[in-house]
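# I'll drop the sequence and a predicted model, then ask my questions.
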Amino acid sequence: MGTDDGMENKRRDYYIAQKLLEMQYHEHIHYNISAISTETFPIVVCLLCGLLIFEFIGLRSLQVVTKQKLFWIYPDNNSADIQEHDSSNVKPLNTFLMNEACQENQNEVFSEFETIQLLFVVKSHILNIGKREAIRRTWGNVKELHVKTVFVVGYLQNMDTFADFETKRYKDIIRMKMEDKYENIVYKTIYSVLCLSGLNIKTEFVHIVDDDRLVNALNVYDIAMKSIAQSEIAMIGFMVYLSRPDRKETSKNYISWEDYPFLYFPSYIIGGTILTNMKTINQLAKAVEYVKIVQIEDVFIGMVATAFKIDMRHHSGFSPFKQPVHLLKNTLSSPGYETAYLLLRDWELMRRW
């Protein structure tokens, strides 16, 4: 019995000692965690803030001029010179020649119109004949406003006959002397701006839009009247913030680190939703010469606007996604109209709603 009692006492002492060790261990760990929380919290906060600053520095790094790359040239000086004197003494990065870029005389496209309330500049692929015809029958020809619609298309081999016929029949097409492919959309936008500025078009507002959109022209004009004064240099559209370059080589939006060595794009208005006035168009026409071209057209225009202090304003009415028919009456525009049939159908449904 004595032996059994001794063993039991040893077990009890061992158990108590084990529990005491566990309690001390947990108290030690808890103390260390508390110490880490209280002593290193400011350090953790500083590290997180540093990370955020590092991320956001990509937005500001566009203003850094390096010996290897110039994304824009002295924007502060150029912006003031162009706004005040409509010119600059700084040698531009880019040279654009309208005569070499366009096949037709642009004056003929605008010869029948003296004053326009809303000018639609539609970027269209040359093969999208049906889309252009549907636009002419719908939002591109509303009767309640003095509107003018012009289509900017590229060149494809063996398409001259069809393009000539459409151009002569409607007199609303500006044909570029460049292959009609995705990488050249940025040049469609650039030369559209240069064309409008060079001809000094008499229009209250300009809407640069894609041919896959349904546009509620009356709503667009109403927003323009309320939001953009003729004396302002400003653009309205659906804005994108904190957008990263696509580094996947298989993507159509791929852009290399060599072409764009920054973490983020500046804020920009998505393609097909730019609403502005002629004063801004004239500013853009000068400014595009001083900003390095990237192949993503809405990003490029955003870079130009950022460099030359052109005010960009967000409006959610320019939807980035296709809207249900019952909502179209209250929107400004909706994408997703890949066929003429869809546009004609939804236009009629919207007007009846």
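Great, that's in hand.

# Tell me where the stretch 101-250 of the chain has helices.
For the stretch 101-250 of the chain, the helices defined by DSSP state H, counting those that start in this stretch cover 106-110, 129-137, 160-170, 185-199, 217-227.

# Give the other helices and strands that the second one contacts.
In this case it means helix 129-137. The contact analysis (3 or more Cβ pairs under 8 Å, 6 or more residues apart in numbering; DSSP states H and E) places helix 129-137 against strand 147-155, helix 160-170, helix 340-352. To be clear about C-beta, it is placed using only N, CA and C from the backbone, and glycine gets the same treatment.

# and if you look at the shortest one?
With contacts defined as 3+ Cβ pairs under 8 Å, 6+ apart, the secondary structure elements packing on helix 106-110 are strand 147-155, strand 173-179, helix 185-199.

# Give the buried residues for stretch 219-239.
If you call a residue buried by 16 or more other Cβ atoms under 10 Å, then stretch 219-239 has these buried ones: 219-221, 223-224, 228, 233-239.

# and if you look at stretch 342-353?
For stretch 342-353, by 16+ other Cβ under 10 Å, it's 342-344, 346-347, 350.

# Kindly report the same for stretch 194-210.
Here stretch 194-210 shows 194-197, 201, 203-210 as buried, counting by 16+ other Cβ under 10 Å.

# returning to that earlier point: go through the helices and strands packed on helix 106-110 and pick out the most buried.
Using mean count of other Cβ atoms under 10 Å, the stretch among these with the greatest mean number of neighbours is strand 147-155 (a mean of 23).

# Quick one: work out the angle between that one and helix 217-227.
Angle, strand 147-155 to helix 217-227, by axes from the mean of the first three to the mean of the last three Cα atoms, to 10 degrees: 100 degrees.

# residues contacting the most centrally placed residue in the chain?
By Cα atoms, centre = their mean, the chain has its centre lying nearest to residue 270, at 2.9 Å. Contacts of residue 270 were listed using Cβ atoms under 8 Å, 6 or more residues apart in numbering, and they are 237-240, 298, 318, 320.

# at 10 Å what do you get?
210, 237-240, 243, 298-299, 302, 318-320, 335 (Cβ atoms under 10 Å, 6 or more residues apart in numbering).
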